[in-house]
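K.L.:
Compute the structure for the input listed below.
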Amino acid sequence: MANVTKYKKRGMRRIADNPIERFLQEAFDWPRWDASDTDWMPSADITETDDSYVVHLDLPGMEKKDVKISIRGDIMTVCGERENKLNTDEGKFHRYERASGFFCRTFNLPINIDPDKVTATTKDGVLKIELPKTEKAQEDEITIDIK
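P.N.:
The predicted structure is shown next:
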């Protein structure tokens, strides 16, 4: 077997290292992400249109059967596992940077989404989750008078 050293990004901190994040997690029971809980974390972009929120996650090399999306209350969780596909038959590895293993991302959702109409698609290694807004949320802005 080839001697492979996995590249580790610098700057990853645990929640316990940040007193503000630790306070918020303990005081409000916020979902907790800890670097030790996952093997890697896919990048995510979140955008908003007039009628929906859209989340894009980079999941190259993953099949849809290896990803689970769930919504509970106002929390959306995306978890999965990417298999380590090191093939030592191809030659000796000098560097291994591609992440593999388990991941789990949680996102706080706005209250104005319709969870029954959420859709997910995948194309070219990118998972796209569309979270439609409720009809009420799509109405014009309302001004509130201060009394």
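
K.L.:
Provide a list of residues in contact with the closest residue to Met76 other than its chain neighbours.
P.N.:
Nearest non-adjacent residue to Met76, counting by C-beta to C-beta, 6 or more residues apart in numbering: Phe107, 4.7 Å away. In short, each C-beta sits where N, CA and C put it, glycine included. For Phe107, the contacting residues are 44, 46, 55, 75-78, by C-beta atoms under 8 Å, 6 or more residues apart in numbering.

K.L.:
ok, and for whichever strand or helix holds Phe107, which residues are buried?
P.N.:
In this assignment (DSSP states H and E), Phe107 forms part of strand 101-108. By neighbour count with 16 or more other C-beta atoms under 10 Å, strand 101-108 contains the buried residues 103-107.

K.L.:
could you pull out the helices for this protein?
P.N.:
Taking DSSP state H, the helices of the chain run over residues 19-28.

K.L.:
so where's the chain uncertain?
P.N.:
In the predicted model of the chain, residues 1-38, 87-88, 136-144, 147 satisfy pLDDT under 70.

K.L.:
One more pass at 80, please.
P.N.:
Applying pLDDT under 80 to the chain picks out residues 1-39, 84-99, 135-147.

K.L.:
Mind jotting down where the strands sit in it?
P.N.:
With strands called from DSSP state E, the chain shows them at 44-48, 52-58, 67-72, 75-82, 101-108, 119-123, 126-132.

K.L.:
Make a markdown table from these and add distance to Arg95 to it.
P.N.:
Formatted as a markdown table, the strands of the chain follow (distance: least, C-beta to C-beta, whole Å):
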| stretch | distance to Arg95 |
| --- | --- |
| strand 44-48 | 26 |
| strand 52-58 | 20 |
| strand 67-72 | 27 |
| strand 75-82 | 18 |
| strand 101-108 | 17 |
| strand 119-123 | 28 |
| strand 126-132 | 25 |
